[in-house]
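*Asks:* Next come a sequence and a model predicted from it.
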Protein chains: 2
Amino acid sequence: MGLTKTEIFTEEQNQLSTLLKAMAHPARIAILQRIILSNTCICGDLVGELGLAQATISQHLKELKTAGIIQGTIEGVSVCYCINPKTWKLLEEQLGAFLGSYKGETPCC
Amino acid sequence: MGLTKTEIFTEEQNQLSTLLKAMAHPARIAILQRIILSNTCICGDLVGELGLAQATISQHLKELKTAGIIQGTIEGVSVCYCINPKTWKLLEEQLGAFLGSYKGETPCC
DNA sequence: AATATTAATCGTAATATTGCAATATAAAGC
DNA sequence: GCTTTATATTGCAATATTACGATTAATATT
């Protein structure tokens, strides 16, 4: 097996879990934080700043890009990455609705 | 390899990624939604409602419990699961701070 | 005591992820 | 052209995840 049964779940559940999975790694959280912090888009500075190999960083960036969380445009020799506002908004909405649906009123167990 | 280099990242980055990872599966999102929906804590009803085997559901529940997102107490023969309010709050705070740190003012690329 | 019910655990197969070295690609400068 | 710089891709090894059947442990019910 080892294969998620996506056909069983709703479109929303699959979409949210895909976005969460893309962020569910410390390196990718660190990358996103860096991108957000430097309002001027950074590129391969990450390789120096995080303690990971260039190939590894590139892979993580690709995953974030595939999930639609970031976008990158070629800037001469380097590549400029930044947040995809649309996906970020979607994530905020979906997650907000999900997390907000729990009102911790009645602790049952 | 196949081993995340947690020692490179901050405590917060690791903690948040762990929580996100625990939720980053459609089945676990579905389980959490069920638990939230039925304010009376459900137990093995999940097996009937989701299309997954009992062993699989039990495994997902264990993961959520290990991450501290839910808690379960034995209720005779069955087990009663519910949200861990403390972790849920933490998640809301950490995620809120993270997602909120991006103000989509200046779209750079 | 014998049996049924509920949930956890074990064992296993299929697949995915993480990380890196090595190599490839693409653009800019000489 | 060649060289440098920046990023992507490939191939691989180690480990993790997903899912399930079978079994086990614990409590209920008869």
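*Replies:* That came through fine.

*Asks:* List the contacts of stretch A:46-61.
*Replies:* A:25, A:27-28, A:30-31, A:34, A:44, A:70, A:72, A:81, B:5, B:8 (C-beta atoms under 8 Å, 6 or more residues apart in numbering or on different chains). Yep, even glycine has a C-beta here, placed from its N, CA and C like the rest.

*Asks:* Let me know the closest of those to B:Thr66.
*Replies:* A:His25 (17.7 Å; C-beta to C-beta).

*Asks:* Not counting sequence-adjacent ones, nearest residue to the residue positioned nearest the centre of chain A?
*Replies:* Central residue of chain A (C-alpha atoms, centre = their mean): A:Met23, 3.8 Å from the mean position. In space, and not counting its chain neighbours, A:Met23 is closest to B:Leu20: 5.5 Å by C-beta to C-beta, 6 or more residues apart in numbering or on different chains.

*Asks:* what about A:Lys103, which SS state?
*Replies:* Assigned with DSSP: H, G, I helix; E, B strand; the rest coil, A:Lys103 falls in the coil class.

*Asks:* Compute the distance between it and A:Glu93, please.
*Replies:* Distance, A:Lys103 to A:Glu93, using C-beta to C-beta, to the nearest Å: 18 Å.

*Asks:* Same question for A:Ile42.
*Replies:* Separation of A:Ile42 from A:Glu93 (C-beta to C-beta): 27 Å.

*Asks:* More neighbours: these two, which one.
*Replies:* A:Ile42 (18 against 10; other C-beta atoms under 10 Å in any protein chain shown).

*Asks:* so the more buried one makes contact with A:Ile36?
*Replies:* No: A:Ile42 lies out of contact with A:Ile36 (C-beta atoms under 8 Å); the separation is 10.3 Å.

*Asks:* Just give me how far the longest helix along chain A sits from the chain centre.
*Replies:* Counting by DSSP state H, the longest helix found in chain A is helix A:85-100. Its chain's C-alpha centre lies 12 Å from the corresponding centre of helix A:85-100 when counted by C-alpha atoms, centre = their mean, to the nearest Å.

*Asks:* where exactly do the helices run in chain A?
*Replies:* According to DSSP H, the helices that chain A contains are A:11-23, A:26-37, A:45-49, A:54-66, A:85-100.
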